[in-house]
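Got a predicted model here, sequence first, then my questions.
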Amino acid sequence: QLQRSDARRKLVVTDGVFSMDGDVAPLSDYVAACEDNDAWLMVDDAHGLGVLDDQGRGSVVAQGVNERVPVLMGTLGKGLGTAGAFVAGSHALIETLIQFARTYIYTTAMPAAVASATLVSLSKAREEHWRREKLVVLIQRFRAGAAQLGFTLMDSATPIQPLLIGADQQAMALSQQLREQGFLITAIRPPTVPDGQARLRVTLSAAHEESDVDALLAALEKVGCLTSDVGR
């Protein structure tokens, strides 16, 4: 597609971690394609920051392409636990956005308290590894238990762990039954995902314990998913 394009400026935009499947973008391949075709790559790493890389620096560092990605966008309200968002790039890019991006010109500054809290979050992400290590344990525990119950898991090693259900109504019914047991597991339906790929979107965090994962697995078993041959 880049080779066929005759646009004066070419911009490829991708997530670092895709929010509905939990899989990661092959950034090295994207970077190579952009460099070969005079295009820019922009990575939205909302779900990678704080989680991926040994210091929580996200997808671009985890995949070794940080210096080759011209535009990085991220949110502070997910892995870092505060609020707001940012765009990172060259001085020329940032100065251009400051001068010409209308939504920025008329916005207000981040509250000082949020900025201060974010600095603490960044420090913890860099220096305290136990949260990411704990997440890995929780993810593996959930995937093993869900597979044993007969669920179809997506190809995800991240805290986003969708369970593929298929039919919209079944996904909605399971979500409601889980809510009645105290679990907020959102049903994701078309057009957010393709037809026939409705799912339960499970998201884990370092605030969860192994007992929470076990309780969720017990609830999933209780709602009768195995008897209805979910996701098969």
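Cool, the structure landed.

Could you use CA atoms for every contact and neighbour count after this?
Noted.

Alpha carbons of stretch 107-123, as PDB, please.
Output in PDB follows, covering the C-alpha atoms of stretch 107-123 (Å, rounded to 0.1, in the frame of the first residue of the first chain):
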ATOM      1  CA  THR A 107      -6.800  23.300  25.700                       C
ATOM      2  CA  THR A 108      -5.700  23.800  29.300                       C
ATOM      3  CA  ALA A 109      -2.500  22.700  31.000                       C
ATOM      4  CA  MET A 110      -2.300  19.500  33.000                       C
ATOM      5  CA  PRO A 111      -3.000  20.100  36.700                       C
ATOM      6  CA  ALA A 112       0.200  20.300  38.700                       C
ATOM      7  CA  ALA A 113      -1.000  17.600  41.100                       C
ATOM      8  CA  VAL A 114      -1.500  15.200  38.100                       C
ATOM      9  CA  ALA A 115       2.000  16.000  36.700                       C
ATOM     10  CA  SER A 116       3.600  15.400  40.100                       C
ATOM     11  CA  ALA A 117       1.700  12.100  40.500                       C
ATOM     12  CA  THR A 118       2.800  11.000  37.000                       C
ATOM     13  CA  LEU A 119       6.400  11.600  37.900                       C
ATOM     14  CA  VAL A 120       6.000   9.300  40.800                       C
ATOM     15  CA  SER A 121       4.300   6.700  38.600                       C
ATOM     16  CA  LEU A 122       7.200   6.900  36.100                       C
ATOM     17  CA  SER A 123       9.700   6.400  38.800                       C
END
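
what is the mean pLDDT for it?
Stretch 107-123 comes out with an average pLDDT of 94.

Stretch 82-101 too?
94.

Check stretch 219-231 too.
Mean per-residue pLDDT for stretch 219-231: 65.

Then stretch 47-65?
Stretch 47-65 comes out at a mean pLDDT of 95.

contacting residues around the residue nearest the centre of the chain?
Closest to where the C-alpha atoms of the chain average out (C-alpha atoms, centre = their mean) is residue 47, at 3.0 Å. Listed by C-alpha atoms under 8 Å, 6 or more residues apart in numbering, the contact set of residue 47 reads 16-19, 78-79.

what are the ranges of the strands in the chain?
Taking DSSP state E, the strands of the chain run over residues 11-15, 40-44, 71-75, 85-89, 152-153, 160-166, 186-188, 198-203.

which stretch among the ones you listed comes nearest residue 28?
The closest of the strands of the chain to residue 28 is strand 40-44. By C-alpha to C-alpha, the value is 10.7 Å.

Can you pull out the residues in contact with that closest one?
For strand 40-44, using C-alpha under 8 Å, 6+ apart, the contacting residues are 10-16, 30-31, 34, 60, 69-74.

Repeat that for stretch 94-112.
84, 87-88.

Give me the domain ranges for the protein.
The domain map for the chain lists 11-127, 130-222, with the assignment taken from automatic domain parsing.

now do the same end-to-end measure for the first one.
Going back to what we said before, that points to domain 11-127. Using C-alpha to C-alpha, to the nearest Å, the end-to-end distance of domain 11-127 comes to 34 Å.
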